[in-house]
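>>> Please find the sequence and the predicted model below.
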Amino acid sequence: MTDETCQWPGWREAARSALYGPGGFYLRPEGPVGHFRTSVHASPLFASAVAALLRRTADEPGTSGAPAFVDMGAGRGELVTGVLAALPADFPVRAYAVEKAARPEGLDDRIAWVAEPPAGVRGLLFANEWLDNVPVDVAEADEEGVPRLVLVGADGSERLGPPVTGADAAWLDRWWPLKEPGSRAEIGRPRDEEWARAVGTLRAGLAVAVDYAHTAGSRPPFGTLTGFREGREVRPVPDGSCDLTAHVALDACALPGAELTTQREALRTLGVSGTRPPLSLASTDPAAYVRALSQAGEAAELTAHGGLGDFGWLLQRVPEAAGAAGD
């Protein structure tokens, strides 16, 4: 590796170091919740809906016995904690939080804190806003329309590098072709591979990825790479001071038989609709009306157009014969 490539790596290498290297953004004690808010933090209704999905999955053929719940990119365990709280006390479950950061103090003893998803389990693997933080390289078409790797300095400044070649070039041609000079794309191949590996750990059950997403025909012309710090969108700088995130080409991640939908539609099938309670309840049971009204407001945020409701959901069913070996 030359001094030039050390000082000007591609975005994938730079983001990996900034997010997950020593002192990286995702290894900080405060965790992601200190900088941005996900559906998990917006309302406990989200964890309740995931718990309902786990119960449905447990009732499907091939997932008999105590099902597993695998929380990919678990942060500080907020989702898996909420799911356990929403399940009936007698519901058998093996809970796993997959996270690179250290186990938080006071976490429920029932939760196994692991660096990689367990292999050969049956149940529900759930990746909420995980794939958008799998680092990827960025490509930009030069003046002649040739896709080139975007190199980045420690201060976030950029320059064009060599032409994109090999598997990355093939991915661009298939999923996000760049035609116009100045157009940009995030090369999602590493995310496709990470998702396939995660799905492959299931012996049987359902894998779900939830994220900021786009599909073919609606790719943003200049990409989506950005940063977040303390609740605000900021210029992406790979120095560990901010989150580095880019929307996910979920259609590229999808394996055969997958279903793509929106969070709005997915949550509605799980009973989260945002419908206001009838006014008649206010006169017969005012306290219940206030509770129901509050829940309706939370549900409306989770399913809102132009907001969390537009998130993509990728649902990948894993039949018994196709899952990973082991137990």
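Cool, got the structure.
>>> In this protein, where's the longest strand?
strand 202-211 (DSSP state E).
>>> who touches R268 in this structure?
For R268, the contact set (CB atoms under 8 Å, 6 or more residues apart in numbering) comprises T303. Yep, even glycine has a C-beta here, placed from its N, CA and C like the rest.
>>> actually P67, sorry about that
54, 57-58, 92-94, 122-124, 205.
>>> and if you look at L250?
131, 209, 211, 213-215, 260, 312, 314.
>>> Would you mind measuring from it to G10?
Distance of L250 to G10, given as CB to CB, to the nearest Å: 23 Å.
>>> likewise Y26?
Taking CB to CB, one finds Y26 at 19 Å from G10.
>>> quick one: the helices in the chain?
Applying DSSP state H to the chain gives helices spanning 3-7, 11-20, 39-42, 44-58, 78-86, 166-175, 189-200, 250-253, 263-269, 280-284, 286-302.
>>> that older thread, PyMOL command for the buried members of the contacts of P67?
Only the buried entries of these go into this PyMOL selection, using 16 or more other CB atoms under 10 Å:
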select buried, resi 54+57+58+93+94+122+123+124+205
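>>> which two of the contacts of P67 lie the greatest distance from each other?
Greatest spacing in the contacts of P67, by CB to CB: P92 and G205 (14.5 Å).
>>> low pLDDT regions in the stretch 101-250 of the chain?
Nowhere does the stretch 101-250 of the chain drop to pLDDT under 70.
>>> That one: strands as residue ranges?
111-114, 121-128, 137-141, 147-152, 158-163, 184-187, 202-211, 213-214, 226-229, 232-234, 243-245, 248-249 (DSSP state E, counting those that start in this stretch).
>>> any chance of those strands in JSON lines, with distance to R16 too?
Below are the strands of the stretch 101-250 of the chain laid out as JSON lines (distance: least, CB to CB, whole Å):
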{"stretch": "strand 111-114", "distance to R16": "20"}
{"stretch": "strand 121-128", "distance to R16": "18"}
{"stretch": "strand 137-141", "distance to R16": "11"}
{"stretch": "strand 147-152", "distance to R16": "12"}
{"stretch": "strand 158-163", "distance to R16": "17"}
{"stretch": "strand 184-187", "distance to R16": "14"}
{"stretch": "strand 202-211", "distance to R16": "18"}
{"stretch": "strand 213-214", "distance to R16": "21"}
{"stretch": "strand 226-229", "distance to R16": "15"}
{"stretch": "strand 232-234", "distance to R16": "19"}
{"stretch": "strand 243-245", "distance to R16": "9"}
{"stretch": "strand 248-249", "distance to R16": "17"}
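>>> hey, which of those strands is tucked in deepest?
strand 248-249 (a mean of 28; mean count of other CB atoms under 10 Å).
>>> where does that one sit relative to the chain's centre, distance-wise?
Centroid separation for strand 248-249 versus its chain: 10 Å, with CA atoms, centre = their mean, to the nearest Å.
>>> And the contacts of it?
Counting by CB under 8 Å, 6+ apart, 131-132, 175-176, 186, 188, 191, 209, 211-216, 219, 312 sit against strand 248-249.
>>> For T226, list each beta-bridge partner.
T226 has the following beta-bridge partners by DSSP bridges: T245.
>>> I'd like the distance between it and T215.
Distance from T226 to T215, by CB to CB: 19 Å.
>>> What of R76?
Computed as CB to CB, the R76 to T215 distance reads 31 Å.
>>> higher neighbour count, these two?
Counted by other CB atoms under 10 Å, R76 and T215 do not tie: R76 has more neighbours, with 20 against 15.
>>> So the more buried one sits against E105, correct?
No. Counting by CB atoms under 8 Å, R76 stays clear of E105, with 9.9 Å between them.
>>> contacting residues around stretch 153-163?
Contacts for stretch 153-163 (CB under 8 Å, 6+ apart): 7-8, 10, 140, 142, 146-152, 169, 235-239.
>>> Identify, from the contacts of L250, the entry nearest to A68.
A209 (16.8 Å).
>>> Do I have it right that that closest one meets Q263?
No. With contact defined as CB under 8 Å, A209 does not count as touching Q263 (11.4 Å).
>>> Find residues that contact each of these two.
Common contacts of A209 and Q263 (CB under 8 Å, 6+ apart): 312-313.
>>> list the contacts for the nearest residue in space to E259 that is not next to it in sequence?
Closest residue to E259 apart from its sequence neighbours, by CB to CB, 6 or more residues apart in numbering: L315 at 4.4 Å. Shown in contact with L315 (CB under 8 Å, 6+ apart): 206-208, 258-261, 266.
>>> again with S39
S39 neighbours (CB under 8 Å, 6+ apart): 46, 128, 210, 263, 302, 308, 311.
>>> In ChimeraX, how would I select the buried members of those?
Buried subset of those, written as a ChimeraX selection, criterion 16+ other CB under 10 Å:
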select :46,128,210,263,302,308,311
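>>> Spatially, which two of the contacts of S39 are the most separated?
N128 and L302 (11.8 Å).
>>> any idea how far A198 is from the spatially most central residue of the chain?
Central residue of the chain (CA atoms, centre = their mean): E129, 2.3 Å from the mean position. According to CB to CB, E129 stands 14 Å off from A198.
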